[in-house]
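**Q** Build me a structure from this.
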Amino acid sequence: MKKFKIWASIIGILVVAGSIYIVFFANYSTGYRVGTIIKMTEKGVLIKTIEGQMHTGGISGDSSDGDATSMWDFSVRKSNDEVRQAIEQAVDNGVRVKLYYEEKFYQWSFFGDTKYFVNKVEEVRDKEN
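**A** Model (predicted):
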């Protein structure tokens, strides 16, 4: 009976540790989106993040007053200076970008406003005909 309690405790601790890892650190998906950055703002009291909005183009017929554009909200960790600077440069130059992101399982308000954390930026060059 004593071995059972020890093994049950070990399994319980592993389940709790695995759950904490999934909730705070694991990615639900990864991918990229292409568009033009229209807004960037720094937020947070203790944990600072950069919150942004990107116009991804496209038209939606769901709005009652005609066409609506597609907007995508994203977050960048304040410590990721390389990504932040690349986004700022794209905004300054007015170029379209491809933002690579990791989508988290849950959105924790103290980590950022979204579940989408950008980790890489590429400028999108227009195809010349």
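
**Q** outside of the longest helix along the chain, which residues touch it?
**A** Counting by DSSP state H, the longest helix found in the chain is helix 2-24. Here helix 2-24 makes contact (CB atoms under 8 Å, 6 or more residues apart in numbering) with Phe105, Tyr106, Trp108. The way it works is simple: take the backbone N, C-alpha and C, and place the C-beta from them, glycine included.

**Q** So what's the gap between the helix or strand of the chain with the lowest mean pLDDT and the chain middle?
**A** Within the chain, no helix or strand scores below strand 49-60, which has a mean of 82 by mean pLDDT, DSSP states H and E. Offset of strand 49-60 from its chain centre (CA atoms, centre = their mean, to the nearest Å): 12 Å.

**Q** did I read that right, Gln107 in a helix?
**A** No: judged by DSSP: H, G, I helix; E, B strand; the rest coil, Gln107 forms no part of a helix; its state is coil.

**Q** For this structure, give me the ranges with low pLDDT.
**A** Residue ranges of the chain with pLDDT under 70: 58-69, 110, 127-129.

**Q** still on that earlier bit, next structured bit after the longest helix of the chain?
**A** Sequence order places strand 27-43 as the next helix or strand after helix 2-24, per DSSP states H and E.

**Q** Next, the angle from that next one to helix 2-24.
**A** Between strand 27-43 and helix 2-24, the angle comes out at 50 degrees (axes from the mean of the first three to the mean of the last three CA atoms, to 10 degrees).

**Q** Just the CA coordinates for stretch 99-113, please, in CSV.
**A** The C-alpha trace of stretch 99-113 is given here as CSV (Å, rounded to 0.1, in the frame of the first residue of the first chain):
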residue,chain,number,x,y,z
LEU,A,99,4.7,37.6,-39.2
TYR,A,100,5.5,34.1,-37.9
TYR,A,101,3.7,33.3,-34.7
GLU,A,102,3.1,30.8,-32.0
GLU,A,103,-0.5,30.4,-30.7
LYS,A,104,-0.8,29.5,-27.1
PHE,A,105,-3.5,27.3,-25.6
TYR,A,106,-4.8,30.0,-23.3
GLN,A,107,-4.7,33.8,-23.2
TRP,A,108,-3.4,35.1,-19.9
SER,A,109,-4.0,38.8,-19.6
PHE,A,110,-0.7,39.3,-17.7
PHE,A,111,1.3,37.8,-20.5
GLY,A,112,-0.3,39.8,-23.3
ASP,A,113,-3.6,40.7,-24.9
